[in-house]
Structure formats: C-alpha cells, structure tokens
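1. Fold the stuff below for me.
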Amino acid sequence: MKKFLTRLLVIVGLVTTLSVAASIALGVVSYASARRVPEKTIVEINLERPMVEYVAEDPVAKVVFDGVPRVRDVVEALEKAAKDDRVVALVARVGAVPTGLARIQELRDAVTMFRASGKKAVAYAETLGEFGPGNGAYYLATAFDKVYLQPTGSVGLTGLIYEQPFVSGTLEKLGIEPRLDSRLEYKSAKNMFTERAFTPPHKEALEKVMESQFTQIVRGIAAARGLTEKEVRALVDRGPFLATEALEAKLVDGLLYRDEVYAAARKEAGHGAEFLYLLKYLGRVGRPHVKGDTIALIHGAGAIIRGKSKFDPLFGGAVMGPDSVAAAFRAAVKDKNVKAILFRVDSPGGSAVASDTIWRESVRAKEAGKPVIVSMGNVAGSGGYYVAMSANKIVAQPGTITGSIGVLAGKMLTSGFWEKLGVSWDELHTSPNATMWTGMRDYTPEQWERFQAFLDDFYDGFTDKVAQGRGLPKEKVLEIAKGRIWTGEDAKALGLVDELGGLSTALRLAKEAAGIPKGVEVRLKTFPREKPLIDMCLEMLVGEGPDSSEESASTAVAARSLESLEPLFRTVEQLGLNPNRGVLSMPCIAPMW
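-> As a prediction, the model looks like this:
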C-alpha cells in the first residue's frame, strides 16, 4: 500500500510538473506569437481617428486618452517601419477629422519619409467630407502613392473659410460692458467682446494667414497629383465632387471599398503578407531613439496657466503649467547625460508671468550649455511664442500659427447685468485703487493710466526679449509684432522661425547643436519621467512635497476636485467676468478644414 501511494504521488507530481511546464511553454509561445512581426507585414492605421499632441501626467487624462494615438507615436512608428525590411507597405484610412494644418503636415512628412524608403503607401476613404469640408483630409491623402474612394463617397474640396463669433451685441443685451485694451492693433482676441465684425487689422491678418495656408494645401496637392497650382485652384472652385467626378478629375486613383483595397494591397505584397496595426507594430518593435547620447524631450501643450501642467476636463486637453515645465528643464539641465533639449510647444498662450517663468528656464538651460530646440505644433502664439523665442533654433510647420507678439488685459463691467437680475451690490474699500479689479466699477482716470502703463511694460518687455532671442533689431520686431499672427512659412521669412518641419527636423537640429555626428543614434528621453497610473493616483490622494504628511487624503481629493473645475471658471472669465489671466493669449481661429 505504501509503495502504491508513493508511486501515485510520483505520478501526480510528474503530471503536475509536465502540465506546468507545458503551460509555461504554451504561454511563452503565445507571448512570442503576440509579439511577432510577420516576415511580410503591411502596417495599417486609421488616420480618421483624432489624435493628441500630448497626454498630461494626470490620472484622469491617462484614463480618458488610453489608446488614443499621439502624434509622436505615429511619426516614430512610421520612422521605424521605413527601416524595417519586414514591413512592405502601409495602408491608411483617411477622412475628415478636426485638427490643425500643422498636424496634417506632420503626418504628411512622416508618410513621405516612409515612401522614401521605397515602400508603397495607400490611402482609402469612405468619404473625404460627407456634406462637409474635406480639404485637410484630402490634402493628407495626397501624401500617399494611391488614393482610393468608396463609390458612394465624395471629396469636399471646397476651399477654406474662417469663422468667428462676435458677442458684443449679446453682452450689450445682458448689460455687460467690456473694458479691454491691447498692444497693438492686431491683438484681436478682445474683438470677440468689443466688436460686431472684423476690424480692418483683424481681417487683414486673418486673410494673410488663410491665403498662406490655402496656398500650402494647393501646392501640396498639385505636386502630389501631377497638376499645376492653377489647375488645383480651378478644381477647388468646382468642388465638392461626387466619387465619379473626383475620379474623372484625377483627384483619386480608383473607386474601391475597403475590402477591395485590402485585397489589392495583399496581392501586391505577395503570398504570406499579413496586416498589423501601426501602433501595435510600434509596441512590438519598440521606439526608435533609445540608445546613445541623450536628447531631452519636454512637452509644453495647452493654455498656459500658473501651477502644474494638468488635464483640462472641460475641453479635454492639456494645460501647460510652469511648475511642471520649468521643473522638467531644471531636471534636464541637471542630468549630465543630456546633451540638448527638444521643447515641443503647442499652445495659444495665456498667463504672462507663467510664460515668463518657462522662458527663464529655457535661457538658463542655454547658459548651462544645453542647447534648446523648439518644435512647434499646430499653434505656438503669444505666450506660446514667448516660451519658445529664446531657443537656439525654432522649427515650425508651414501651417503652424505663431507670432501674436502682443498683450491683452482688462475687465468686464457687470453692474448692468446684475441690475437686470435685480441683484444689488455694495462695497467698502480702504484705498483709491482697491476698486481697480472689480467688475462693479469702471476704471478711474488714474487707474486707466496705471493699466496702460502695465500694458506698455509687458509689451516692451516681450518685444525686447524677442529681439534678443531672435537676434533681430528692435525696430524690425516692432514692425512684425503688434499682436499679429503669422503662419510658420511667413514667420520663417520674417525671422521668427529658423526652419520648416516637424519633430524629425527638430531632432536633427538638436543633434547638430549638441555636436552629435549625423547618422549616430541618440536616446530621446522624456522629462518629466512618465509615471505609472497607480503612482499618479496615489499622489493625487496623499499629495506631494514636504507638506504632504500634514494633508489628509480627503482634503487632497477635495482640493483636486475643485482644481478640476478651474478650466470652467477660466472659460466663464473669458466670456465675460475677468479675462486678466490671459494677458499673453492669441485670438481664437476656427477654420473649417
């Protein structure tokens, strides 16, 4: 009996061991299969999905944007795929999606780079603007070797239109009176509240930007489709196009459904070709730029406000805070391995003092021997230009909106509004200028004089720093400033930008500035370090810094909840209560792509 039990236990142990070993082996095989890149791979991507510039180091942002591609992800994945012999082609779904022209150009550059490796890139679309504009979507599609359209689709190539609301009449009905001023006449963000239509300078600046962007689109389409710019402009005047009309006009290469496009791509690639989503491919092969001398990557995205960078729950985007960005600069400077800093800016500006804090750290980085290269996204205007202006080199896409070198401030007089609601106010004050900031009283002559002095001081300091940072005569800066916006292409001609391009161009310049030979690999390291979601949640609950031990978790949660409402308060302020915080803000532009 004892021998039997011994044998039974041995058999059970052996079976268990073999089962565990088999499970481990199967898991290893499954994992390896899941991480495998087929020997003949066609990468695919949906460019009709929105993508983001940057995901703030914020637990809410990490959850909200989980799985949402970043611009950098797509650019680096295509860079990696272009050099991978296993990747034979790219198939992309394209369609109308709200985005800026600079981002479209960043993607076009990445596709062009992929094609330069000798690999085919095919775009297909269900529609390029179904009963709506499709200019940007079609412009993006023309970066590919072939463009296919679903037989029931259309091409909304109709030209650009810029629209802007003016709420002066609304404020008048509400009894709210704007008391705003700016430096100088092109600083048009206040016009939304003070005018009923474009002023001549406002119209002049927008027309210049619109024509510059439209010309870039026409030029790109013409070069890609083998047409003259004159022919493209004539086609735009005829748009929109039904599918058959688009084919006849040579705007597309064929009318095919998705399955037909994929079947043709597989056939051209040859036997054994498999499809793999581009970002899954990136996850399997890893990012480029992971070894060698270190280049720091710092993101500055969203409206600039004092405090930390965070997620804006009202508009679903990032907010740039000097506490975070300045700390990232200091950490990069302190890191002995960092040879240069690549600062990616995508911001319409905001707080003057917050912008100045970030600017100061960029200057200190240069003084410490760490060259700073700025790469501009869709927008880098006003405060967004302020934080960039002293970099060693500034890179912008041709369609980037930048400049807006000027200041804006003031308040809304709301006493009439409260009277309409039957609400009366009374107050007490100690000093003559204590009433300067209230919306219940207008500025006194003395207060208005002080207010003008502040605007003059901000503007003079801004233009001085532009002249110093860009190596331009002050007189030249004063000519091109005045709060006026420019496209990246025009800004380069004016000396506000050094080169046209995207992240890849900026990285090349960073290597040159650091003295790293061409062709030598570098490590692109993000500052601040990206934290796991659990770490951010714990920090939110227990707080950070030397005083965190004195703060209870419940207090931290309450504070964080109130903090999340700040963007709402900021928006309400901009719409009528107190726009002081946006001293270096640029005007809102709403083009229809």
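2. Which residue ranges make up the domains of this protein?
-> The record's domain parsing of the chain by automatic domain parsing lists 41-158+239-285, 293-591.
3. Would you mark the buried spots in stretch 492-507?
-> Going by neighbour count (16 or more other CB atoms under 10 Å), the buried part of stretch 492-507 is 492, 494, 496-507. The C-beta positions use only the backbone N, C-alpha and C, and glycine is treated the same way.
4. start to end distance for it?
-> 18 Å (CA to CA, to the nearest Å).
5. Give me the neighbour count for the closest residue to Gly383 other than its chain neighbours.
-> In space, and not counting its chain neighbours, Gly383 is closest to Gly349: 3.0 Å by CB to CB, 6 or more residues apart in numbering. By other CB atoms under 10 Å, 29 other residues sit near Gly349.
6. for Ser355, same thing?
-> 27.
7. quick one: the helices in the stretch 201-350 of the chain?
-> 229-238, 243-248, 258-269, 278-285, 322-334 (DSSP state H, counting those that start in this stretch).
8. picking up where we left off before, could you dump the buried residues of stretch 492-507 to a markdown table with secondary structure and pLDDT?
-> Formatted as a markdown table, those follow (DSSP: H, G, I helix; E, B strand; the rest coil; pLDDT from 0 to 100):
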| residue | secondary structure | pLDDT |
| --- | --- | --- |
| Lys492 | helix | 98 |
| Leu494 | helix | 98 |
| Leu496 | coil | 98 |
| Val497 | coil | 98 |
| Asp498 | coil | 98 |
| Glu499 | strand | 98 |
| Leu500 | strand | 98 |
| Gly501 | coil | 98 |
| Gly502 | coil | 97 |
| Leu503 | helix | 96 |
| Ser504 | helix | 95 |
| Thr505 | helix | 97 |
| Ala506 | helix | 98 |
| Leu507 | helix | 97 |
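9. Tell me the one among those residues nearest to Val37.
-> When the buried residues of stretch 492-507 are compared for distance to Val37 (CB to CB), Ser504 wins out at 22.5 Å.
10. where's that closest one relative to Gly307, distance?
-> Distance, Ser504 to Gly307, by CB to CB, to the nearest Å: 32 Å.
11. Can you list the low-confidence ranges for the stretch 201-350 of the chain?
-> Applying pLDDT under 70 to the stretch 201-350 of the chain flags residues 314-316.
12. returning to that earlier point: and the domains of the chain: which comes nearest Ile176?
-> domain 293-591 (5.0 Å).
13. Pull the distance from the closest one to the chain's centre.
-> 13 Å (CA atoms, centre = their mean, to the nearest Å).
14. just to revisit the earlier point, let's have the helices of the stretch 201-350 of the chain in a markdown table, adding distance to Ser182 and mean neighbour count.
-> Below are those laid out as a markdown table (distance: least, CB to CB, whole Å; neighbours: other CB atoms under 10 Å):
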| stretch | distance to Ser182 | mean neighbour count |
| --- | --- | --- |
| helix 229-238 | 35 | 15 |
| helix 243-248 | 45 | 16 |
| helix 258-269 | 50 | 15 |
| helix 278-285 | 43 | 18 |
| helix 322-334 | 23 | 20 |
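15. closest one to Leu160 among those?
-> It's helix 229-238; of the helices of the stretch 201-350 of the chain, that one is closest to Leu160 (CB to CB) at 9.4 Å.
16. How about the residue nearest to Gly383: which residues does it bridge to?
-> Ser585 (DSSP bridges).
17. which helices and strands does the helix or strand containing Ser375 pack with?
-> Secondary structure from DSSP states H and E places Ser375 in strand 372-381. Packed against strand 372-381, as judged by 3 or more CB pairs under 8 Å, 6 or more residues apart in numbering; DSSP states H and E, are the following elements: helix 101-115, strand 338-347, helix 352-367, strand 393-396, strand 401-403, helix 503-513.
18. Put together TSV for the ones you listed, with distance to Ala121 on each row.
-> Shown next, in TSV, are those (distance: least, CB to CB, whole Å):
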stretch	distance to Ala121
helix 101-115	5
strand 338-347	25
helix 352-367	37
strand 393-396	24
strand 401-403	28
helix 503-513	17
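19. need the contact list for the residue lying closest to Arg484 once chain neighbours are set aside.
-> In space, and not counting its chain neighbours, Arg484 is closest to Tyr186: 3.7 Å by CB to CB, 6+ apart. Each residue near Tyr186 by CB atoms under 8 Å, 6 or more residues apart in numbering is listed here: Pro201, His202, Glu204, Ala205, Gly406, Lys482, Gly483, Arg484, Ile485.
20. so the last one sits right up against Glu207, yeah?
-> No. Between Ile485 and Glu207 there is no contact under CB atoms under 8 Å: 11.5 Å.
21. more neighbours, these two?
-> Higher neighbour count among Ile485 and Glu207: Ile485, with 26 against 12, using other CB under 10 Å.
22. on that earlier part again, can you tell me which of the buried residues of stretch 492-507 comes closest to Leu107?
-> Gly502 (9.0 Å).
23. Ramachandran coordinates for the closest one?
-> phi -120, psi -150 (degrees, to the nearest 10).
24. now swap in Gln164 and tell me
-> Per degrees, to the nearest 10, the backbone of Gln164 is at phi -150, psi 130.
25. Quick one: neighbours of the closest residue to Asn46 other than its chain neighbours, just the number.
-> Nearest residue to Asn46, sequence neighbours excluded (CB to CB, 6+ apart): Arg93, at 4.7 Å. For Arg93, the tally of surrounding residues (other CB under 10 Å) stands at 17.
26. Which residues does Arg93 form beta bridges with?
-> Residues in beta-bridge contact with Arg93 (DSSP bridges): Asn46, Tyr124.
27. Now for it: which residues touch it?
-> Glu44, Ile45, Asn46, Leu47, Glu48, Ala123, Tyr124, Ala125, Glu126, Arg258.
28. residues making contact with stretch 49-57?
-> Residues contacting stretch 49-57 (CB under 8 Å, 6+ apart): 61-62, 65, 68-71, 73-74, 97-99, 103, 299, 301-302, 309-311, 317-319, 324, 344, 346, 377-378, 528, 530-531, 536.
29. gap between the two ends of that stretch?
-> Start-to-end, stretch 49-57 (CA to CA) is 22 Å.
30. Quick one, which of the contacts of stretch 49-57 are buried?
-> Buried, going by 16+ other CB under 10 Å: 61-62, 65, 69-71, 73-74, 97, 99, 103, 299, 301-302, 309-311, 317-319, 324, 344, 346, 377-378, 536, out of the contacts of stretch 49-57.
31. Give me the subset of the residues you listed lying in strands.
-> His299, Ala301, Lys310, Phe311, Gly317, Ala318, Val319, Arg344, Asp346, Gly377, Asn378 (DSSP state E).
32. The last one and Thr400 touch, don't they?
-> Right, the one you point to is Asn378. Yes. Asn378 lies in contact with Thr400 (CB under 8 Å); the separation is 6.6 Å.
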